[in-house]
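Colleague: sequence and predicted structure, then a few things I'm wondering about:
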Amino acid sequence: MAAAKLRVPVLVGPTAVGKTATALALAEHWPLEIVSADSRQVYRRLDIGTAKPTRKERARVPHHGLDLVDPGHRYSAGRFARDATGWIADIAARGKLPVVVGGTGFYVRALAEGLFQEPPLDPERRRALEAWLSGHDALELVRWAARLDPGFKGGGRQRATRTIEVALLTGRPLTYWQGAARQHGLIEPWYVVLTAPRPVLHQRIAARAEEMVRRGLVEEVASVLADGAPAHGAGLDGVGLREAVEYLHGERSRESVAGAITIATRQYAKRQETWFRHQLPGPVLALDSVRPPDELASAIAGAWAEARGLGVP
RNA sequence: GGUGGGGUGGCCGAGUGGCUAAUGGCAGCAGACUGUAAAUCUGCCGGGCUCACGCUCUACGUAGGUUCGAAUCCUACCCCCACCA
C-alpha cells in the first residue's frame, strides 16, 4: 500500500461526548465498520469501566480494536498503528468504509502519522531493567534520563523509564531513534472533532459515572482482580477503574467512587480536548455534539461527500 | 446555663505582630505529548491595569480597640463543635 494512502474518516472527541452514538448513526449513511482508537477498550472484560460499545451496538456495526489483550498486559500505540492498518485495509478490501473512532489521540496519531521504527528491545533485559528502575524514585530516573539522552524533554517516571530503557538496551538515545527512523502515516485522516460545551460535557460525565457504578463497575473490577490481574498494572490504571480498585483496597468509600470517577474523567476529557485542539493537523470538521446523533451523522456525511467531490488529497 | 476548642481565599487546611494576597492539598483553567497515552508531566490560580517588572483595590466570622504596623494581641457580639449540666 505504498502508492495512494486511503482516506479515512477519523472521529475524535473527549469521553462521553457521544462518539459511539454518532458513529452508529453514521452507519445509516454508509456501509461502514468501526476501528476503535481507544487505549482502554482494548482490554478484555473491562466493559463497564471503559464504556465499551454494547453487544447490540457491536452487532449492528462491526467493531475492531476491542478486547485485544487481558488486563495486566501491555498494548501500545505502535501496535495499534500496525493492527489498525491491517483492519482498515481489510475493511476497504471488502468494499466497506473504515471509520476510525476514538478518544486516544496518541493512537490516532500513531496510525495517521506513524511513530518511528523502534529498534528491537530484548524483552528479557527490558523486564529486568524495569524491575530495577521501579525501585528508584521518579526524580532520580528523570536525572538519569536527562544524562542518557540529551534530548530528553522531561516528564515523570513513565517517560524517564522509557528513555532509560531505550538508551540502555539499544546503545542510542531515544531521541536519536525518533529522528533517524521516522515512519510515515499509513492513512490519510479526515478528521471530525466532536465537541460539547464544558457544562454539558461535565453533566454527561457525571451521569455516566453514576451509571457505571450502578451497572456493576466495582464487581467487574473485583472479578478481574480475583483472576490475578495486577491492581496497578496495565488496564486497571485507567480512569474509573483505578477508583474502583481503590475502593476494593479499602482506600476509599463505596459512596465516593462515582464522584471520584466524575472528577478524574472530567480531567481526562480536558486533556483530550487540549490534544485535539493543538495536536491534530487541520483542516478539521468540528461539530457540537449537543445536536442529536443523526443530525451529526448527516452533517458528517455531507461534508465527506463534498470533500471527496472536491478531490481533497 | 457552664467549661473547652474553633470560625482563614471555591473547598480542605497551615500560619500566632512586620519578610503575608497569606505554606500545603483539592477543585478549576491553560499547556506539553514519537510504542504504559483513560498514562506521564508543566504552568497559572482573590479582583482590576500590565506581555512582564510592577501598581492598585478587597480580603483571614462581625464591630470596635492597642500598635509605626494585626489573620496574628485586647474587648464585645454572632455562629459552629465537644464535653459538663
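Modeller: Perfect, I can see it now.
Colleague: pretty sure residue A:223 sits in a helix.
Modeller: Yes - counting by DSSP: H, G, I helix; E, B strand; the rest coil, residue A:223 is part of a helix.
Colleague: how far does the host helix or strand of residue A:308 sit from the chain's center?
Modeller: Using DSSP states H and E, residue A:308 maps to helix A:293-309. Computed by C-alpha atoms, centre = their mean, to the nearest Å, the chain-centroid distance of helix A:293-309 equals 24 Å.
Colleague: could you tell me which residues within that helix count as buried?
Modeller: A:293, A:296-301, A:304, A:307 (16 or more other C-beta atoms under 10 Å). Any C-beta I mention is one placed from the backbone N, CA and C, and that applies to glycine too.
Colleague: low pLDDT regions in chain A?
Modeller: Chain A contains residues with pLDDT under 70 at A:1-3, A:310-313.
Colleague: for it, which segments count as helices?
Modeller: A:19-26, A:55-60, A:77-93, A:105-113, A:123-133, A:138-148, A:157-170, A:174-180, A:198-214, A:217-226, A:241-248, A:256-278, A:293-309 (DSSP state H).
Colleague: okay if I get those as TSV plus distance to residue A:234?
Modeller: Shown next, in TSV, are the helices of chain A (distance: least, C-beta to C-beta, whole Å):
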stretch	distance to residue A:234
helix A:19-26	23
helix A:55-60	23
helix A:77-93	12
helix A:105-113	14
helix A:123-133	12
helix A:138-148	19
helix A:157-170	12
helix A:174-180	20
helix A:198-214	20
helix A:217-226	12
helix A:241-248	11
helix A:256-278	17
helix A:293-309	32
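Colleague: these: which one's closest to residue A:13?
Modeller: helix A:19-26 (5.4 Å; C-beta to C-beta).
Colleague: which parts of the longest strand seen in chain A are buried?
Modeller: Using DSSP state E to define each element, chain A has its longest strand at strand A:187-195. Buried residues in strand A:187-195, defined by neighbour count with 16+ other C-beta under 10 Å: A:187, A:189-195.
Colleague: ok, the closest residue to RNA strand B within the stretch 101-250 of chain A - contacts?
Modeller: When scored by C-beta to the nearest atom of the strand, the stretch 101-250 of chain A has residue A:156 as its residue closest to RNA strand B, at 2.1 Å. Residue A:156 sits next to A:138, A:142 when contact means C-beta atoms under 8 Å, 6 or more residues apart in numbering.
Colleague: what count of nearby residues applies to the closest residue to residue A:210 other than its chain neighbours?
Modeller: Ranked by C-beta to C-beta, 6 or more residues apart in numbering and with sequence neighbours excluded, the top spatial neighbour of residue A:210 is residue A:258, at 5.0 Å. Using other C-beta atoms under 10 Å, the number of residues around residue A:258 comes to 21.
Colleague: my guess is residue A:258 contacts residue A:213. True?
Modeller: Yes - counting by C-beta atoms under 8 Å, residue A:213 is a contact partner of residue A:258 at 4.7 Å.
Colleague: report the separation between residue A:252 and RNA strand B.
Modeller: 13 Å (C-beta to the nearest atom of the strand, to the nearest Å).
Colleague: now residue A:154. Nearest residue, chain neighbours left out?
Modeller: Closest to residue A:154 by C-beta to C-beta, 6+ apart is residue A:142, at 7.1 Å.
Colleague: before we move on, what about residue A:303?
Modeller: Nearest to residue A:303 is residue A:285, by C-beta to C-beta, 6+ apart, at 5.2 Å.
Colleague: who's that neighbour bridged to?
Modeller: Bridge pairing for residue A:285 (DSSP bridges) gives the partners residue A:192.
Colleague: list the contacts for it?
Modeller: Per C-beta under 8 Å, 6+ apart, neighbours of residue A:285: A:190-193, A:299-300, A:303.
Colleague: which one of those is nearest residue A:31?
Modeller: residue A:300 (15.0 Å).
Colleague: I'd say residue A:115 and residue A:80 touch.
Modeller: No - the pair residue A:115 / residue A:80 is not scored as a contact, 10.1 Å apart, by C-beta under 8 Å.
Colleague: who has more neighbours out of these two?
Modeller: residue A:80 (25 against 18).
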